[in-house]
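Peer 1: next one to model:
(2 chains)
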Amino acid sequence: MQYQTQSVAKPYFIAAIGLFVGQILFGIIMGLQYVVGDFLFPEIPFNVARMVHTNLLIVWLLFGFMGAAYYMVPEESENELHSPKLAMIMFWIFLVAGALTIVGYLAVPYATLAQITGNDLLPTMGREFLEQPTITKIGIVVVALAFLYNISLTVLKGRKTVISMILLLGLWGLAIFFLFSFYNPENLILDKYFWWWVVHLWVEGVWELIMGAILAFVLIKMTGVDREIIEKWLYVIIAMSLITGIIGTGHHYYWIGAPEYWQWWGSIFSALEPIPFFMMVIFAFNMVNRRRREHPNKAAMLWALGTPVMAFLGAGVWGFLHTLAPVNYYTHGTQITAAHGHMAFYGAYVMVVLAIISYAMPILNGRAAANSEKSQTLEMWSFWLMTVAMVFITLFLTGAGILQIWMQRMGEAPESFMLVQDNIALFYWMREAAGVVFLIGLICYITSFFVGGEERTA
Amino acid sequence: MSEKFTKSMARNTFYGGSAFFFLFFVALTFDTMGTLPERDHRENITHEVALGKKVWEDNNCIGCHTLLGEGAYFAPELGNVYQRFGSSKEAIMAFIQSRPVEGIPGRRSMPQFNLSDEELSAIAEFLKWTSEVNTANWPPNIQG
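Peer 2: Okay, the predicted model is just below:
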């Protein structure tokens, strides 16, 4: 570790992984509820399990991003973190607030939670991914501001690199667009329109800046390629991300009451959204081929190369699959969306966080650069188990989606939603099996942290 | 990448391109805000419709259902449920009210939310209002 204060990243990474486990357990529960409808009913109804699953994902990725920033920024700025103490206070506030929110979801009916947290005063709850009580949302803003203050001051005091500027821009954007979660008008259409300013402008906008910055950092460290080259690539990739992604928001505006010109804007621009992901693949493999050193951390290299590939498949290819308006007319709100969502989140954001954790954790644990051979082998097993499982989850959900569209939305005698769900149950069973394999991969991943042994050197 | 394309050109493309398209997005949004009232028939958002949206949110209905295709994919689309239920508010209210507390063995079942009569009527009114938004002819058919 070059700077003492980088160590605050460690608890963030540990919390991220812990919450990741919770996310997957609830995913398994939901997957089972898809085929055994009364599983855990009425104690944990599907909507509660889903809320826990998606909210844990968001929170652990945020822990991951913050941990990444605390690790990267001192090194990039060649400066100690402005206030490690503030970082630790915010860590505990965020963790406790997150845990209390999850307990709230599980312990009382959602309507009761809404009532006791004062949702009547400023109603923001009950919208997909933004289910957190208003008080939790305010807490998120406070934590984000304290975090941004800390990181920004560190950057301002020291060397200003492209990577830290892009990372900062992404993180500020994340905080600013989250403010739209407080806008919840009585008009559902307006509500939906601006809900996407949080959701889309996060995952197909500013989060891509964070992802690009993290990936670029890991590649610089691991390949030793000249920073100038990597930074130029980074600029081009994120330029394409935002140029396509901002107007690409239009692909959510086809069928929610917005004017029909969005079908054109959305289709054209979002059809271009795979380009930056494809460039990321070329970029990562290119840099690794031009490497000037053999980094001993093979596992981190695997994550860093896997990230763009899976992001391109999940966000790029599976996104393109249903983004054109005439196709989306049939696929909108089916299992196709679920298939895309799973692989895109895994490929783009889960994997990039696991890549920085894989790179940084050995160093945070006092090693020179890498874990033992044995530990890395197990981690690479976990990479393949989770990644292949996710490919199959996506394929099975895509199969379910195609059948669902065929039976429910096309043909002479469309069948009802519930009937169709029964007809495609086989695909949900196979998805659940793939989900269990994913969990096994995750167990391998966690186990790899506890495998000791001599450090691997190049 | 070509040597002629310098890092500062890349940087300018990023800042210039992002700023331009964000401003363009804002401009399209202004235009959308101008035309929305014709499509969302907001003049019909009564106190009851607004209460219905609140009931919808307070019970996290989006956690299982889709509404205009957005939400979870565990339970039926509700953007056109009003038409699917024979354009009857009463049918929607009766369905919500009749959900068994302990569920249905082996099957998916909507929870019993114990809504008051006022809330029941409001949620049905909200779903009726939603079904009358101009959604460019979506969903493709009555099954949602």
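
Peer 1: in a strand, B:E119, correct?
Peer 2: No. Read with DSSP: H, G, I helix; E, B strand; the rest coil, B:E119 is helix and lies in no strand.

Peer 1: ok, now which ones touch it?
Peer 2: For B:E119, the contacting residues are B:L51, B:V55, by C-beta atoms under 8 Å, 6 or more residues apart in numbering or on different chains. Where you see a C-beta, it was placed from the backbone N, CA and C, and this is true even at glycine.

Peer 1: same question for A:V141.
Peer 2: Per C-beta under 8 Å, 6+ apart, neighbours of A:V141: A:A175, A:F178, A:L179.

Peer 1: outline the domain layout of chain B.
Peer 2: With domains defined by automatic domain parsing, chain B comprises B:1-40, B:42-144.

Peer 1: mean confidence for the longest one?
Peer 2: Translated: domain B:42-144. The pLDDT scores in domain B:42-144 average 98.

Peer 1: end-to-end on it?
Peer 2: 23 Å (C-alpha to C-alpha, to the nearest Å).

Peer 1: and that domain, how far from the chain's centre?
Peer 2: Between the centre of domain B:42-144 and the centre of its host chain there is 10 Å, according to C-alpha atoms, centre = their mean, to the nearest Å.

Peer 1: just stretch A:111-124 next, same as before
Peer 2: Computed by C-alpha atoms, centre = their mean, the chain-centroid distance of stretch A:111-124 equals 27 Å.

Peer 1: how about it, does it reach chain B?
Peer 2: Yes. Stretch A:111-124 lies within reach of chain B by C-beta under 8 Å from any C-beta of the partner chain, at A:A111, A:A114, A:Q115, A:N119, A:P123.

Peer 1: can you list the buried residues in that stretch?
Peer 2: A:A111, A:L113, A:A114, A:T117, A:N119, A:P123, A:T124 (16 or more other C-beta atoms under 10 Å in any protein chain shown).

Peer 1: equivalent analysis for stretch A:162-181, please.
Peer 2: A:162-175, A:177-178, A:180-181.

Peer 1: which of these are close to chain B?
Peer 2: Answer for the buried residues of stretch A:162-181 near chain B (C-beta under 8 Å from any C-beta): A:V162.

Peer 1: report the longest helix in chain B, please.
Peer 2: With secondary structure taken from DSSP state H, chain B has its longest helix at helix B:7-40.

Peer 1: also chain A?
Peer 2: From DSSP H, the single longest helix across chain A is helix A:373-409.

Peer 1: picking up where we left off before, from the domains of chain B, which stretch is densest packed?
Peer 2: domain B:42-144 (a mean of 19; mean count of other C-beta atoms under 10 Å in any protein chain shown).

Peer 1: SS state for the nearest residue to B:F85 once chain neighbours are set aside?
Peer 2: Nearest residue to B:F85 in three dimensions, chain neighbours excluded: B:A91, at 4.1 Å (C-beta to C-beta, 6 or more residues apart in numbering or on different chains). Look at B:A91: counting by three-state DSSP, its state is helix.

Peer 1: ok, B:A91 to A:G224 distance?
Peer 2: Separation of B:A91 from A:G224 (C-beta to C-beta, to the nearest Å) stands at 68 Å.

Peer 1: which one is A:Y110 nearest to, not counting chain neighbours?
Peer 2: Nearest-residue entry for A:Y110: B:N60, 4.4 Å, with adjacent residues in sequence omitted and distances by C-beta to C-beta, 6+ apart.

Peer 1: where does chain A dip in pLDDT?
Peer 2: A:458 (pLDDT under 70).

Peer 1: contacts only, for A:L190.
Peer 2: B:L36, B:D40 are the contacts of A:L190 under C-beta under 8 Å, 6+ apart.

Peer 1: how about residue 76, nearest residue that isn't a chain neighbour?
Peer 2: This is for chain A. Nearest non-adjacent residue to A:E76 (C-beta to C-beta, 6+ apart): A:S164, at 4.2 Å.

Peer 1: my question was about chain B, not that one.
Peer 2: A:F417 (4.0 Å).

Peer 1: OK, contacts around that neighbour?
Peer 2: With C-beta under 8 Å, 6+ apart, A:F417 has these contacts: A:Q408, B:A75, B:P76, B:E77, B:Q143, B:G144.

Peer 1: near chain B, which residues of the stretch 251-400 of chain A?
Peer 2: Contact residues (C-beta under 8 Å from any C-beta) of the stretch 251-400 of chain A with chain B: A:252-260, A:262-263, A:265, A:329-330, A:332-335, A:337-338.

Peer 1: now with 7 Å?
Peer 2: For the stretch 251-400 of chain A, the residues in contact with chain B (C-beta under 7 Å from any C-beta of the partner chain) are A:254-260, A:265, A:329-330, A:332-335, A:337-338.

Peer 1: which of the residues you listed lies closest to B:D31?
Peer 2: Taking C-beta to C-beta as the measure, B:D31 lies nearest A:P259 of these, at 7.5 Å.

Peer 1: what is the neighbour count of the closest one?
Peer 2: Using other C-beta atoms under 10 Å in any protein chain shown, A:P259 is surrounded by 18 other residues.

Peer 1: phi and psi next, for it.
Peer 2: Main-chain dihedrals, A:P259, degrees, to the nearest 10: phi -60, psi 150.

Peer 1: what's the answer for B:R107, then?
Peer 2: phi -120, psi 160.

Peer 1: I'd like the residues of stretch A:111-124 next to chain B as JSON lines, with secondary structure and distance to A:I140 appended.
Peer 2: Below are these laid out as JSON lines (DSSP: H, G, I helix; E, B strand; the rest coil; distance: C-beta to C-beta, whole Å):
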{"residue": "A:A111", "secondary structure": "helix", "distance to A:I140": "22"}
{"residue": "A:A114", "secondary structure": "helix", "distance to A:I140": "17"}
{"residue": "A:Q115", "secondary structure": "helix", "distance to A:I140": "21"}
{"residue": "A:N119", "secondary structure": "coil", "distance to A:I140": "16"}
{"residue": "A:P123", "secondary structure": "coil", "distance to A:I140": "17"}
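
Peer 1: could you dump stretch A:287-306 to PDB, C-alpha only?
Peer 2: Listed next in PDB are the C-alpha coordinates belonging to stretch A:287-306 (Å, rounded to 0.1, in the frame of the first residue of the first chain):
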ATOM      1  CA  MET A 287      -3.600  -3.100 -23.100                       C
ATOM      2  CA  VAL A 288      -3.000  -6.600 -21.700                       C
ATOM      3  CA  ASN A 289      -1.300  -7.600 -25.000                       C
ATOM      4  CA  ARG A 290       0.900  -4.600 -24.700                       C
ATOM      5  CA  ARG A 291       1.700  -5.200 -21.100                       C
ATOM      6  CA  ARG A 292       5.200  -4.300 -19.900                       C
ATOM      7  CA  ARG A 293       5.100  -6.500 -16.800                       C
ATOM      8  CA  GLU A 294       3.800  -9.900 -15.700                       C
ATOM      9  CA  HIS A 295       1.700  -9.000 -12.700                       C
ATOM     10  CA  PRO A 296       1.500 -12.000 -10.300                       C
ATOM     11  CA  ASN A 297      -2.200 -11.400  -9.600                       C
ATOM     12  CA  LYS A 298      -3.700 -13.600 -12.300                       C
ATOM     13  CA  ALA A 299      -7.100 -13.600 -10.700                       C
ATOM     14  CA  ALA A 300      -7.500  -9.800 -10.900                       C
ATOM     15  CA  MET A 301      -6.400 -10.000 -14.500                       C
ATOM     16  CA  LEU A 302      -9.200 -12.500 -15.200                       C
ATOM     17  CA  TRP A 303     -11.800 -10.200 -13.600                       C
ATOM     18  CA  ALA A 304     -10.400  -7.200 -15.500                       C
ATOM     19  CA  LEU A 305     -10.700  -9.000 -18.800                       C
ATOM     20  CA  GLY A 306     -14.000 -10.600 -18.000                       C
END
